[in-house]
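S.K.: Show me the folded form of this:
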Amino acid sequence: MAKLRQDGAGLGVEAFEFLLAELLWPLLDGVARCPGRTLDRRRQIFARLQTARMFLAGHLEHLPSLNEVAALANLSRCYFVRAYAGVYGVPPIEDHQGMRMRRAAHLLTHSDLSIGEIALRCGFDAGCNFARAFRHANGTTPTAWREREKPCAQPMTHRATTHAGATRSDLGTLARSA
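M.R.: Below you'll find the model as predicted:
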């Protein structure tokens, strides 16, 4: 995919159209999979489903009821579940669980939070429930995931120097010998 420069210069019309098509394709594909006889109706349903999906993504710390999410989308519960699964390929509860697991994997990789804290932030009451769900979703335990995926800390390749050019370890040696 083409990369945009911050000033916007250097991007030809063809590249811009390609980039725009890459960004819009998932949306157009989602609209095409929505139920409805007319394009306007499918767009309306898709917008409601997107609202519901964003709501689910914003509430990873607990599982909202299906009735609550369907009401937010202004659809009946049964119609909402069917339409959601038709567009996104999985029912809303399963999609919400996947969002929670992706957030947990991100936190394991990019934070120093304990596994228990991550479990709480992802809506699990107990670490053992979180570990079981994580292992089921990712095929490995949270601890093993963190060890495998977490970037290694960069080793220090230079020594910190003081104003006089002596290193801190040299100053420590001088202080002990004095």
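S.K.: for P35, helix, strand, or coil?
M.R.: Put simply, P35 is coil when judged by DSSP: H, G, I helix; E, B strand; the rest coil.
S.K.: Check whether it really touches G86, as I assumed.
M.R.: Yes - P35 lies in contact with G86 (Cβ atoms under 8 Å); the separation is 6.6 Å. From N, CA and C alone the C-beta is placed, and that goes for glycine too.
S.K.: Now do the buried residues in the helix or strand where A32 lies.
M.R.: For A32, the element it lies in under DSSP states H and E is helix 13-33. Using 16 or more other Cβ atoms under 10 Å as the test for burial, helix 13-33 gives 30-31, 33.
S.K.: between those, which is nearest E68?
M.R.: Set against E68, the nearest of the buried residues of helix 13-33 by Cβ to Cβ is G30 (22.2 Å).
S.K.: tell me the pLDDT at the closest one?
M.R.: You'll see G30 listed with a pLDDT of 73.
S.K.: same thing with the one 10 residues further on?
M.R.: Listed pLDDT for D40 reads 89.
S.K.: Low-confidence bits of the chain, can you list those?
M.R.: Flagging of the chain using pLDDT under 70 yields the residue ranges 1-11, 24-25, 27, 29, 152-178.
S.K.: check contacts around T38.
M.R.: For T38, the contact set (Cβ atoms under 8 Å, 6 or more residues apart in numbering) is empty.
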